[in-house]
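[1] Pasting the sequence and the predicted model now:
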Amino acid sequence: MGIKSTRHAVYDLKYHLVWVPKYRKHIFDDEIRKSVKEVFQKIAEEYEFEIDTMEVMEDHVHIFVEAPPRYSPSQIVQIIKSISAREIFKKYPKLKKQLWAHELWNDGYFVRSVGDKVTADIIRKYIEYQTHEIQASQLKMFEKSKHR
C-alpha cells in the first residue's frame with residue numbers, strides 16, 4: 001500500500017470497512033470463513049482493490065482496503081457484498097435456509113477513511129496555509145513542532 005496512480009489520478013485512499021451477515025447470525029464456521037476470504041480476494045483483484053488486512057468472524061467482517069478513486073466507499077461495499085453473496089450461496093446453499101430473506105449480508109456497514117501519515121490536522125493546516133504567499137517555507141509546516 002502507498003501512493004498509487006491511474007491514468008488521471010494519483011491517490012492514497014484506504015478504508016476500514018465492517019459489516020454483518022443478515023440478522024447478525026453466527027453462520028461463518030472455519031470452512032465458510034476461508035471461502036469468504038478467498039472470494040473477497042478474487043473480487044479485490046478483479047476490481048483493482050488492494051486488501052491490506054481482513055478478518056471474517058462468525059458474525060461480522062473487517063476489511064482494510066485501498067481502492068482507486070473511481071469507486072466510492074459505498075460502491076466498494078456494494079461490489080464486495082453482492083458478488084460475495086452470490087458466490088457463497090452458490091458454494092453453500094444450506095446458508096439460505098438459515099437466512100429467512102435469502103440475503104447473506106445486512107444492508108448497513110461501517111466505513112472509516114484511513115490516512116497513513118496524513119492526518120486530518122495536517123490537511124487542515126495545509127488548507128489554511130494556502131492563503132499565505134510564502135511558498136519557500138511551505139514544507140516547514142510538515143516538520144515536527146518543537147513546541148509540542
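    Structure's in. What do you need?

[2] Hmm, Ile32 is touching Glu87, no?
    No: using CB atoms under 8 Å, Ile32 is not in contact with Glu87, being 11.5 Å away. All C-beta spots, glycine's among them, are computed from the backbone N, C-alpha and C.

[3] Next up, phi/psi of Trp100, please.
    phi -60, psi -40 (degrees, to the nearest 10).

[4] tell me the pLDDT at it?
    Here the pLDDT value assigned to Trp100 is 79.

[5] try the one 4 residues further on
    On the pLDDT scale, Leu104 is placed at 96.

[6] For it, list the residues it contacts.
    Pro21, Lys22, Lys81, Ser84, Ala85, Ile88, Phe89, Leu95 (CB atoms under 8 Å, 6 or more residues apart in numbering).

[7] Next, the fourth one: secondary structure please.
    Three states are possible here, and by DSSP: H, G, I helix; E, B strand; the rest coil the one that applies to Ser84 is helix.

[8] if you skip the residues just before and after it, what's nearest to it?
    Once flanking residues are discounted, Ser84 sits nearest to Val39: 4.8 Å by CB to CB, 6 or more residues apart in numbering.
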